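In: Just a sequence and a predicted model for now, questions to come.
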Amino acid sequence: MKRLSTLIAASLAMAGAHAAPDAQLVRPQVQIVDSSLPAAKAEANILAARRYASFWNNGDEALARAALAADFTDRTLPPGRAQGLPGPLAASAFVRRAVPDMRADIEQLIASGDRVIVHLRFRGHFTGSFQGVLGKGQAIDFIATDIYRIADGRIADNWHIEDNLAFLRQLGVIGE
């Protein structure tokens with residue numbers, strides 16, 4: 001166990017001094033790990049996923065930089081979003097203008113091989129603006145599911161789907 005914590009500490013140091021320590025990262029409510037996955041690989045994969053979820057939870061760009069590989073590819077890139085690290089950074093800033101108190105919880109995390117699947121729940125209040133609509137404090141609550149391919153302890157590829165219909169309805173941008 002001591003060797004594993006040493007590996008995690010070294011990984012944090014390599015990711016940059018600004019990355020949150022493991023204890024400050026979003027923790028999964030349910031975590032399922034393939035028992036055939038070597039412990040060090042499982043920990044590195046889970047750490048990358050938790051860093052990225054924590055970036056969505058608090059908007060700290062250092063966490064996204066620590067979680068994503070230099071050649072990160074969004075495999076379900078929405079129209080108009082930049083590929084690579086600039087895409088999620090811009091998306092987070094855009095959503096946070098509408099929902100400044102947005103937080104993300106990991107409801108489930110499943111790790112197997114070089115893949116991690118994360119089921120996220122986003123919550124907050126629409127107090128900002130979105131596409132010309134001003135928020136009135138209404139509650140926001142929607143889900144997303146991501147599939148990550150992890151390489152060298154960083155997310156190299158991401159396939160994701162968000163419940164954007166629920167999000168847009170809660171914002172009042174589209175009707176029921």
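Out: Now that the structure is in, tell me what you want to look at. Residues are numbered from 1 along each chain as shown.
In: in the helix or strand where residue 165 lies, what counts as buried?
Out: When secondary structure is defined by DSSP states H and E, residue 165 falls within helix 164-171. Burial within helix 164-171, assessed by neighbour count using 16 or more other C-beta atoms under 10 Å, is assigned to 167, 168, 170, 171. (C-beta placed from N, C-alpha, C; glycine too.)
In: could you dump those residues to TSV with distance to residue 53?
Out: What follows is the buried residues of helix 164-171, written out as TSV (distance: C-beta to C-beta, whole Å):
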residue	distance to residue 53
167	17
168	22
170	21
171	22
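In: Tell me which residue lies nearest the centroid of the chain.
Out: Geometric centre of the chain, nearest residue: residue 53, 2.9 Å, by C-alpha atoms, centre = their mean.
In: what sits up against the helix holding residue 165?
Out: Contacts made with helix 164-171 from outside it, assessed by C-beta atoms under 8 Å, 6 or more residues apart in numbering, are listed as 98, 122, 126, 130, 133, 135, 138-143, 174-176.
In: One more pass at 6 Å, please.
Out: By C-beta atoms under 6 Å, 6 or more residues apart in numbering, the residues outside helix 164-171 that reach it are 126, 130, 140, 142, 174.
In: Can you turn the buried part of those into a PyMOL selection?
Out: Here is the PyMOL selection string for the buried members of these, based on 16+ other C-beta under 10 Å:
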select buried, resi 126+130+140+142
